[in-house]
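Peer 1: Fold the following.
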Amino acid sequence: MCQEESFEQFIKNLSKLDEWANHFSFMALSIFLKKRFFIYNFDLLKKIPYSSKVDMCENREKPITIGFLNHHFVPLLTTKFDKVKEILLFIASQKHLP
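Peer 2: Below is the predicted model:
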């Protein structure tokens with residue numbers, strides 16, 4: 001995860017409407033909500049799914065699942081990896097994606 005802007009600018013941008021979320025936002029949400037986030041992604045070049053975890057709390061309840069594809073976070077309503085893979089493959093197959 002690489003930030004091209006200064007920390008001060010990053011914090012200023014967080015207060016703006018329509019500002020895009022990033023992994024730092026999910027770290028803050030994890031602390032605030034006391035929830036874990038599982039972020040599922042799909043490598044368009046290698047055609048394989050992968051995931052990352054944001055866990056800033058000790059809560060072991062079911063995590064909130066989020067998809068990340070083509071530089072956008074998308075909601076996911078399942079935690080079953082095979083279903084997530086199917087969803088991300090479908091989204092990646094749509095013509096509007098590069």
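Peer 1: thinking Ile39 is in contact with Ile64, fair?
Peer 2: No - counting by CB atoms under 8 Å, Ile39 sits too far from Ile64 to count as a contact (9.5 Å). For every residue, glycine as well, the C-beta is placed using N, CA and C.
Peer 1: overlap in contacts of those two?
Peer 2: By CB atoms under 8 Å, 6 or more residues apart in numbering, Ile39 and Ile64 have no common neighbours.
Peer 1: how about the strands in this protein?
Peer 2: 37-43, 48-54, 64-69, 72-75 (DSSP state E).
Peer 1: do you know which of those strands lies nearest Phe24?
Peer 2: Closest approach to Phe24 among the strands of the chain (CB to CB): strand 48-54, 9.6 Å.
Peer 1: Tell me where this protein is predicted with low confidence.
Peer 2: Scanning the chain for pLDDT under 70 picks out the ranges 1-3, 77-85, 88, 90-98.
Peer 1: Just the helices from this protein, written as ranges.
Peer 2: 7-14, 23-33, 81-93 (DSSP state H).
Peer 1: sorry, back to before: could you dump the strands of the chain into JSON lines with mean neighbour count and distance to Glu8 added?
Peer 2: What follows is the strands of the chain, written out as JSON lines (neighbours: other CB atoms under 10 Å; distance: least, CB to CB, whole Å):
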{"stretch": "strand 37-43", "mean neighbour count": "18", "distance to Glu8": "26"}
{"stretch": "strand 48-54", "mean neighbour count": "15", "distance to Glu8": "23"}
{"stretch": "strand 64-69", "mean neighbour count": "19", "distance to Glu8": "26"}
{"stretch": "strand 72-75", "mean neighbour count": "12", "distance to Glu8": "24"}
